[in-house]
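> how would this look folded up:
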Amino acid sequence: MTGTSAVSQIGEVIAVLGIYVALMSVLSVSVEVIISWFKIPIPWLQGKPSPAAALKEVESWLPDDEQVQLKGRVQALNKVLEALGEAQIKENLSGEQLAAKVGAATTLYIKKERTRRAVIRAMAVLVGIVLAYLFQIDTLQILAPLSPEAPQLWQHALGAEGAHWAGLVLSGMGASAGSGFWHDQMARLRNAKALAEMATNIGGGAA
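Numbers count the residues shown, from 1 in each chain. Next comes the predicted model:
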């Protein structure tokens, strides 16, 4: 295999990947838009401020008076607890009691935030699969030129219909990674394409 043919093959791979990444970018943006629509009528899906962020925000403008600072921290923490759907705390707490409440609220926040993100990710996968089906974005079919044997293996294992659905599911899962992820992949492909073109020019000049 000559250097020119190798560079040519690399260019073909980049072209196939470019088409795939572009499709996935559009698909992921569509998923994000639909998920954002769900967040409007379902407040639970919206992100909540963390106890640490709420306390940091109020500390920047609280006066030096210790009692006033303690009261301000309690009020800030109560706003977080209200957003989390938990009972608020009294203002006549000591510093040690407040620290314990902050720790408990932080633990609760992390638990609920993980659950919220897991639900959103599952919704994104489901929405991605639905959109992939509607637009017939089959990952296995699109990437088939990279490895002609791979589609045959999938079809042998799952059947033609099963392989097609596997490709749609993979597209939906890929879209759930988010538009930022696919934007980064597109940037990497651009860099790879620039390097391939540079190698072609160097090879052509050497010839």
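
> Report the distance from stretch 27-41 to the chain centre.
Using C-alpha atoms, centre = their mean, to the nearest Å, the mean C-alpha position of stretch 27-41 is found 12 Å from that of the whole chain.

> How about stretch 27-43?
A distance of 13 Å separates the centroid of the chain from that of stretch 27-43, by C-alpha atoms, centre = their mean.

> pLDDT averaged over it - what is it?
The average pLDDT for stretch 27-43 rounds to 92.

> cool, stretch 111-126 as well?
Averaging pLDDT along stretch 111-126 yields 93.

> Regarding Gly47, what is its secondary structure?
Three-state assignment for Gly47 (DSSP: H, G, I helix; E, B strand; the rest coil): coil.

> what's near enough to touch it?
For Gly47, the contacting residues are 113, 116, by C-beta atoms under 8 Å, 6 or more residues apart in numbering. Bear in mind the C-beta positions are built from the backbone N, C-alpha and C, glycine included.

> Kindly report the same for Val16.
142-143, 145-146.

> Could I have the buried ones of those as ChimeraX selection syntax?
Buried residues within the contacts of Val16, by 16 or more other C-beta atoms under 10 Å, are selected in ChimeraX with:
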select :142,143
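
> quick one: which of the contacts of Val16 is nearest Ala99?
Comparing the contacts of Val16 against Ala99 with C-beta to C-beta picks out Leu143 as the nearest, at 53.1 Å.

> Excluding covalently adjacent residues, which one is nearest to the closest one?
With sequence-adjacent residues excluded and distances taken as C-beta to C-beta, 6 or more residues apart in numbering, Leu143 is closest to Tyr20, at 6.1 Å.

> Buried residues, the helix or strand hosting that neighbour. List them.
Using DSSP states H and E, Tyr20 sits within helix 3-39. Within helix 3-39, the residues scored as buried using 16+ other C-beta under 10 Å are 7, 10-11, 13-14, 17-18, 20-21, 23-28, 30-32, 35.

> show me where the chain has strands.
Along the chain, counting by DSSP state E, no stretch forms strands.

> Tally up the residues packed near the nearest residue to Leu168 once chain neighbours are set aside, please.
Among residues not flanking Leu168 along the chain, Ala132 sits closest, at 4.5 Å (C-beta to C-beta, 6+ apart). The number of residues packed near Ala132 is 26, by other C-beta atoms under 10 Å.

> Would you confirm that Ala132 contacts Met173?
No. Counting by C-beta atoms under 8 Å, Ala132 stays clear of Met173, with 9.4 Å between them.
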